[in-house]
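> Fold the following.
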Amino acid sequence: MVEERDIRQESERELIHRIVAGSKQEFCFLVDRYKQKIYGLLRGMGASPMDAQDLTQETFIKAYRKLASHQPDKSFASWLYTIAANLLKDHKKKHRFEEHPIGQVETAVSDGPEQSLLQTERRTEFQRLLALLPANYRMALLLRYTNDLSYEEIGEVLEVPVSKVQNDLYRAKKRLKQLMIENKEGMEYEMLGPR
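Model (predicted):
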C-alpha cells in the first residue's frame, strides 16, 4: 500500500519538474499548499505576525529562485522548512529579535461562546508554555506535530541525526508535560485564594 506522503512527494516532484521546465505559474500550487504551515512555524518560533508574513514571503521567493537546485530524491517540504528556518535565524541575527507569542487563535463558528472562549484560552496557554521550551525542542515539536514531517525530514531541516531528533522530541514532550502540570497546580493554588 502506497502511503499518502509518498503520493504527495511524487506529485510534488512532477510539479517541480514542470515548474523548472517553464510552467512557472504552477508554483502557486506549492505556495498554497505550504504558506500557512510556514507562517505557523515562524509564529511558533516567536516571530511577530508581520515578521512571519514577511519571512514566509521571502521563503517562497528564495525557494522559487533556487527551485532548480532542489534534489528530487529529497523531501520538498523539508527543503522549504530549511529555507524558512535559515531565514528566521538570519533575521534574528540582523534585528533585535523579541519573541511574540501567537496569542488568540480563531475558533470554529459552530462553537458556542463558552466553548470558543475555552478553546482560545487553552490554545493561548499552550502557546505560552511552548514558548518556554528551548528553541530546538520547539522547532522539533512544530515540525513533527503541526507540519507532519518525518524524523528524517526534521533531521534534514535541523541538520542533525535522526537520533538527536528523537531525543529532542522525547525531551520536549517530557518538559512540556512537566510545564503543564506545574501550570495546572499553580492555577489551582491561585483559585484557593489568599490564606
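> For the spatially most central residue of the chain, give its distance to L88.
For the chain, the residue lying nearest the average C-alpha position, counting by C-alpha atoms, centre = their mean, turns out to be L41 (2.5 Å). As for L41, its distance to L88 is 9 Å (criterion: C-beta to C-beta, to the nearest Å). The C-beta positions use only the backbone N, C-alpha and C, and glycine is treated the same way.
> can you map out the helices along this structure?
Taking DSSP state H as the criterion, the chain contains helices spanning 4-20, 27-44, 49-66, 76-94, 113-131, 135-141, 151-158, 162-192.
> what residue ranges in this protein are flagged as low confidence?
Judged against pLDDT under 70, the low-scoring parts of the chain cover residues 1-10, 96-112, 116, 120, 185-195.
> check contacts around K177.
With contacts taken as C-beta atoms under 8 Å, 6 or more residues apart in numbering, K177 has no neighbouring residues.
> now swap in R175 and tell me
Contacts were defined as C-beta under 8 Å, 6+ apart; by that measure R175 touches L133, Y137.
> From V165, how far off is it?
The gap separating R175 from V165 is 16 Å, by C-beta to C-beta.
> Equivalent analysis for G155, please.
Taking C-beta to C-beta as the measure, G155 and V165 are separated by 5 Å.
> Great, nothing more from me.
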